[in-house]
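In: sharing a model prediction with you, sequence too.
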Amino acid sequence: MAREQDLLAAFIELADTIVAEYDVVEFLHRLAARCIDLVDATEAGIMLADRDGALHYVASSSERMRLIELFELQHDEGPCLDAYRDGIAVSSVLSDEVSARWPHFAPHAREVGFESVSALPMRLRSEVIGALNLFSTSTEPLSAEDQQVAQALADIATIGILQERAVNDARVVTSQLEAALESRIVIEQAKGIVAERNAITIDAAFTLLRSYARSHNRLLSQTVHDIIDGTLSTDALNERTPSPN
Amino acid sequence: MFAGRLEPEQFTQAIAARSEQDHDPMSSLCLACTDVLDVTGAGLILMSGGRSLGCVGVSDEMTEEVEQVEYTLGEGPCISAFRSKAPVFDPDLADDGEVEWPEFRRGALAAGIRAAFGFPLLVGWICIGALNLYRDEAGGLTDFQVDDARVVAHVVGRTLLAWQTDAPPGALAWQIERVPSHRMHVHQATGRISVQVGISLADALVLMRAYAFSQDLSVSDVAAGVATGEIRFD
């Protein structure tokens, strides 16, 4: 019963975090901490893939865990990498047979005190975004029930991360939209300034701005900004070629 | 018209149906709003940092006129919806209650509008602008209609961003780029006035708005006068 309450509290805490604006790294550190509270593991760590599919260390419950995650990445082998690549859970006791599977990782993990390791994919439908590592100093592998709990926590984290990425993508497009609209407006304002100063039509003003930009090898957007803030005089616009300097 | 509980697909189908009638994408978007919601007009403004970057789409002439009013005054339900990131309702512009947009009411009533509603265009936590909905008769939105309008505003925001996603770097999506030229005249006139008076562009826009208000003209009327030289500020 106590465990169910703890589980519920952990889910509520994680869900609460992802409905507001949040820091992914802090969120994953919290996930790692909750994992070792709730399942029979000594340490927990999380790796996430970048857009090119390469895994990176993101969070861990301790410095010892961080170092061993980095070791996995450095030697390109270990349970976390397997779980990520295959998209399925890995769980094993670090026996001598296992050492054949991870010739660098297994001896090193035992050296620093771990006896069993598990790794769960962080996956939403067909997309695997990373993996959750659960290492233990006990020779008992993670129970099926613990594995289920950890997978549920990993799933919630996955949804949170994917949601955050979608929002970030939207943020990038939003700023592109604003910048494009702003620059459109600024060009019109500069046309008005040049037309008024030179007593020419709007079209002639635009032609003048464009030919200045082209002949001076400058961007139109930069040229119109210079006109507006006064660093480029309208007289200088009439010069057809760059002044030698 | 749908009686509440609008599905996003119903709205996207309405947009497609309007496109098939040869309306440009932006008009199709605005017209589809009036098809699925119980309103007579719909207009879209884009905002950045609390500043209106202008109206980018309307469903009809009456909405065009009232959007001009809002842009001229710098007040109205759309601007309030953007600032508060929450829907804003003015179900009867002719009642004598206190509102944040008294001058907007006057101008909108003159244009033939009786009810106005503003919905923020939210993408995640970011607000990119607002959707204005108008009626030519007084009357509030039911809870269902408010929910429907939220669905519509959500799809509109997504659609604008989807268009912009496909635009070349630095350029405005062509669907949005097709802003009527009279809106661009306002910015050109701002440039001219800043030279005539020797003031900043921001001040020139304020001056033009104040002049329009005092002469009972829209900013775009004043801009047209500035373009021909009939109106000068020096």
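Out: Nice, I can see it. Numbers count the residues shown, from 1 in each chain, chains lettered A, B, ... in the order given.
In: now do the helices in chain B.
Out: Using DSSP state H, the helices of chain B run over residues B:8-20, B:25-36, B:61-73, B:77-84, B:102-110, B:143-165, B:174-177, B:181-197, B:201-214, B:219-228.
In: so which of those helices comes closest to chain A?
Out: With respect to chain A, and counting by CB to the nearest CB, the nearest of these is helix B:181-197 at 2.3 Å. For the C-beta atoms, the positions are set from N, CA and C on the backbone; glycine is no exception.
In: what residues sit buried inside the closest one?
Out: B:182-196 (16 or more other CB atoms under 10 Å in any protein chain shown).
In: picking up where we left off before, need the helices of chain B in CSV (columns: mean pLDDT).
Out: CSV is the format used below for the helices of chain B (pLDDT from 0 to 100):
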stretch, mean pLDDT
helix B:8-20, 93
helix B:25-36, 95
helix B:61-73, 90
helix B:77-84, 87
helix B:102-110, 92
helix B:143-165, 92
helix B:174-177, 86
helix B:181-197, 88
helix B:201-214, 92
helix B:219-228, 92
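In: circling back: intersect the buried residues of helix B:181-197 with the contacts of chain A.
Out: Contacts with chain A are made by B:Met184, B:His187, B:Gln188, B:Ala189, B:Thr190, B:Gly191, B:Arg192, B:Ile193, B:Ser194, B:Val195, B:Gln196 out of the buried residues of helix B:181-197, judged by CB under 8 Å from any CB of the partner chain.
In: now do the longest helix anywhere in chain A: distance to the chain's middle.
Out: For chain A, the longest helix by residue count, based on DSSP H, is helix A:144-198. Between the centre of helix A:144-198 and the centre of its chain there are 13 Å (CA atoms, centre = their mean, to the nearest Å).
In: if you look at that helix, does any of it touch chain B?
Out: Yes. Helix A:144-198 reaches chain B (CB under 8 Å from any CB) through A:166-167, A:170-171, A:173-174, A:176-185, A:188-197.
In: in ChimeraX, how would I select the buried members of those?
Out: With 16+ other CB under 10 Å as the criterion, this ChimeraX line picks the buried residues out of these:
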select /A:170,173,174,176,177,178,180,181,182,183,184,185,188,189,190,191,192,193,194,195,196,197
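In: what about the residue of chain A found nearest chain B, distance to B:Ala202?
Out: Per CB to the nearest CB, A:Gly192 is where chain A lies closest to chain B, at 2.3 Å. As judged by CB to CB, to the nearest Å, A:Gly192 and B:Ala202 stand 14 Å apart.
In: up against chain B, what does chain A have?
Out: Checking chain A against chain B by CB under 8 Å from any CB, the hits are A:21, A:166-167, A:170-171, A:173-174, A:176-185, A:188-197, A:202, A:221, A:228.
In: give me the neighbour count for the closest residue to A:Asn238 other than its chain neighbours.
Out: Leaving out its chain neighbours, the residue that sits closest to A:Asn238 by CB to CB, 6 or more residues apart in numbering or on different chains is A:Leu208, at 7.3 Å. Burial measure for A:Leu208: 19 neighbouring residues, criterion other CB atoms under 10 Å in any protein chain shown.
In: pretty sure A:Leu208 contacts A:Glu239?
Out: No. If you go by CB atoms under 8 Å, A:Leu208 and A:Glu239 don't touch, sitting 10.6 Å apart.
In: sorry, back to before: contacting residues around the closest residue to the residue of chain A closest to chain B other than its chain neighbours?
Out: Spatial nearest neighbour of A:Gly192, chain neighbours left out: B:Gly191 (2.3 Å); criterion: CB to CB, 6+ apart. Residues near B:Gly191 by CB atoms under 8 Å, 6 or more residues apart in numbering or on different chains: A:Glu188, A:Gln189, A:Ala190, A:Lys191, A:Gly192, A:Ile193, A:Val194, A:Ala195, A:Glu196, B:Leu201, B:Ala204.
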